[in-house]
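Visitor: here is the input, now give the coordinates:
(2 chains)
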Amino acid sequence: MTWRDAIALARRSVGRRGGRAVLTVLAVALGAALLSSLLIASQAAQRRVLDQVSSGGPLAGIKVDAAAPDPNALNSDDPHPGPPRLIDDAAVRRIAALPGVDSVLPVIATPMLIVPPETLPAAARAKQPDGDPIFDSVVGVDVAHERDLPITVLTGRLPTPGSNTEVAVTLDYLQRLGVDKTNASALVGTQVTLGAPRIFTYAQGRRFRARWTRMTIVGVVSQEASDGLIVMPLDQARLARSWSVAGAPLDNLGNNPSPYTALFVVAHGLNKITDVRAEINQVGYSTSAPETLITQVQRYLHVVELVLAGIGLIGLAIAALGISNAMLAAIRERRREIGVLKAVGASDRDVRRVFLVEAGTLGFVGGLIGAAVGYGVARVLAGVVNNYLAGQGLETVDLGVPLVLLALVVTGATVLALVAGVLPASRAAHMPARQAIADE
Amino acid sequence: MNRRAALLLLVLILAACASGAHNNAAIPGEASRGPTQTLVTFGGSATEGDGVRDRLRDAWPYLVFDAALPQGTVLVNAALDGATVKNAIAAQLPVADETHPHIAAVWLGADDLVAHTPIPHFKAALVQFIGALKRLGVRRILVANLPKSYGPGATPYNDAIEQVVYANAVEPVDLSALDIPLRPVDGLPPQPDATGHRLVANAFEQALRAQP
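Guide: Below you'll find the predicted structure:
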């Protein structure tokens, strides 16, 4: 008997007992849906929590300050930086060449006079729309490497790399304008005028002169790259900083002449962070990274994931028992058929194959439906959760399409069904032909 | 049966995919990169913004910057109060040397009028100022004269400005016919108010929009 014959026989058998097959498939689908939805929700929650802990950046991210390290706090997650130290291109290259370093992204924070529009869109519902200029900082980053930065886009997007007309604003900007986080999207598309300040001496007094640019806000972000109300492409921040640094030091913000005010380094993995931080300290810079916190959080999240997977697997195991039961019932009903098969020359192996194909088919179809339903349920739940998060002005959860996880659920359901079908298939295979026909 | 199951599966997958569509906020579709050009404004206390409550929004350099120039343009207002042309050569011209502007908007003369700078000295200094801008490669140099509200004493200065403008082939911005409202300011001569700045800005905008 060929595989094709076995599949045809299994298909005919499933078709003849349609009601039972549908119920068995539904049981498997229910278990698979439970397992897949729990795992998808667990993975999304894990990502969200770790994103929060790592401030939206990569988990293996390390912040390097333009300062010498404090020798008493090298192992602390967030040590106090030592005296100021320049970060130039040579330092960037040196750190990028260290073993265990995946990427190095420069950060430029620079003082800025920020002039918001005089009137904000009505949808922003600003509490204090006074439109007064704000003296604070802007942060320049390489926006082409968004994934490697501790930046989370809450609405809109980051500026286009190389743009000289686009910026994103932070939640601090919203707060300064009295705009609630829930109305953040109303600021997208508005303009802001930025003045890089320079202090100089004229007629024996200190005077102020600025380098002005006019920008469109294209997104609202939460970021931990550096303190500042605005995120802009690195080149624009560099031009602004060069202008400001050429003047006298600014009283309240200072003008550290370092070309880069910080670096964001990504290590090859969480387990490399300690080594990379030690190497950067050796080079002479202060570092900070939430590695201890992330490791602890990850440990707890793994436990939660295991518990949820266990609950889903129990559901799937119950479904497998249902398959086993249905197959045993089928064998009792199909003794004559088994006898005839054996009488016309089918071997034990052929009979086992027919029943295993049947069990596997029920498991596969049930797993496929269950995975799709589970994904749908997870999406519906995510929609409800995202509505709540968006209402609170928080970053929403993106489930993505976890194809690997869904494929694993389908494979797991199929394998479990095959295991459940082994006993009934063996019983059918070992049934003597004469006895089978005689009993019938 | 099999067809029904396949159909059900397809519907479920499509429904799941459809619910995954993101609802991004509207993002402006403007060009992400504007022209890289710099405008430097030169002048005295009026150009610096004395006389208006909110100089960053109401002074003429910022009005011109907002209304007449595309995003991507950089503005540096080099003006300083009490700036005669001679002072401007010392304290404002270095800004042009540093920023290499594409456009220079010059409104000098009011402080020379107040300081009674002799006309030949004023004219010579203005020639030197504009010559320096030309040597720096500034593509468009717009030079404004004094409005009639500055009194009859402004006429000889305006004559000198007109002669220098035509002799050096730069672009004139004629304010002489404008009756710009002035308001008293502590420690300074009367300065244009917000309406006056609007009128000055309009004149510069018109000149900027005209073909060089």
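
Visitor: ok, the residue nearest the centre of chain B to B:A68 distance?
Guide: Geometric centre of chain B, nearest residue: B:P61, 3.6 Å, by CA atoms, centre = their mean. Counting by CB to CB, to the nearest Å, the gap from B:P61 to B:A68 is 11 Å. To be clear about C-beta, it is placed using only N, CA and C from the backbone, and glycine gets the same treatment.

Visitor: check A:P259 too.
Guide: A:P259 sits 34 Å away from B:A68, going by CB to CB.

Visitor: so who does the residue nearest to the centre of chain B touch?
Guide: By CB atoms under 8 Å, 6 or more residues apart in numbering or on different chains, the contact set of B:P61 is B:L39, B:T41, B:G43, B:T47, B:G49, B:L75, B:N77, B:A79, B:A105.

Visitor: let's see it at 6 Å
Guide: Shown in contact with B:P61 (CB atoms under 6 Å, 6 or more residues apart in numbering or on different chains): B:T41, B:N77.

Visitor: look at it and report its pLDDT.
Guide: For B:P61, the pLDDT comes out at 96.

Visitor: equivalent analysis for A:L174, please.
Guide: Confidence at A:L174, expressed as pLDDT, is 89.

Visitor: do A:L293 as well
Guide: At A:L293, the model reports a pLDDT of 68.

Visitor: then A:N72?
Guide: pLDDT, A:N72: 67.

Visitor: cool, A:N252 as well?
Guide: 51.

Visitor: next one: the one 4 residues further on
Guide: Among the per-residue scores, A:N256 holds a pLDDT of 67.

Visitor: same question, B:A25
Guide: 37.

Visitor: equivalent analysis for A:L113, please.
Guide: A:L113 is assigned a pLDDT of 93 by the prediction.

Visitor: which residues touch it?
Guide: A:L113 neighbours (CB under 6 Å, 6+ apart): A:P133, A:F135, A:G195, A:P197, A:A210.

Visitor: same thing with B:L56?
Guide: A:V115, B:Y62.

Visitor: next one: it from B:Y62, what distance?
Guide: For B:L56, the distance to B:Y62 equals 6 Å [CB to CB].

Visitor: same thing with B:P190?
Guide: From B:P190 across to B:Y62, the span is 21 Å (CB to CB).

Visitor: who has more neighbours, these two?
Guide: B:Y62 (25 against 15; other CB atoms under 10 Å in any protein chain shown).

Visitor: and the residue of the stretch 201-350 of chain A found nearest chain B, how far is that from B:G137?
Guide: In the stretch 201-350 of chain A, the residue that lies nearest chain B is A:W212 (4.1 Å; CB to the nearest CB). Distance, A:W212 to B:G137, using CB to CB: 21 Å.

Visitor: identify each buried residue in the longest strand along chain B, please.
Guide: If you go by DSSP state E, chain B has its longest strand at strand B:37-43. Of all the residues in strand B:37-43, those buried under the rule 16 or more other CB atoms under 10 Å in any protein chain shown are B:T38, B:L39, B:V40, B:T41, B:F42, B:G43.

Visitor: what stretches of chain B score poorly on pLDDT?
Guide: Counting by pLDDT under 70, the ranges of chain B that qualify are B:1-31, B:212.

Visitor: would you map the helices across it?
Guide: Listed in chain order, the helices found in chain B under DSSP state H are B:2-19, B:45-48, B:55-58, B:60-68, B:85-91, B:93-99, B:110-115, B:119-135, B:154-167, B:194-209.
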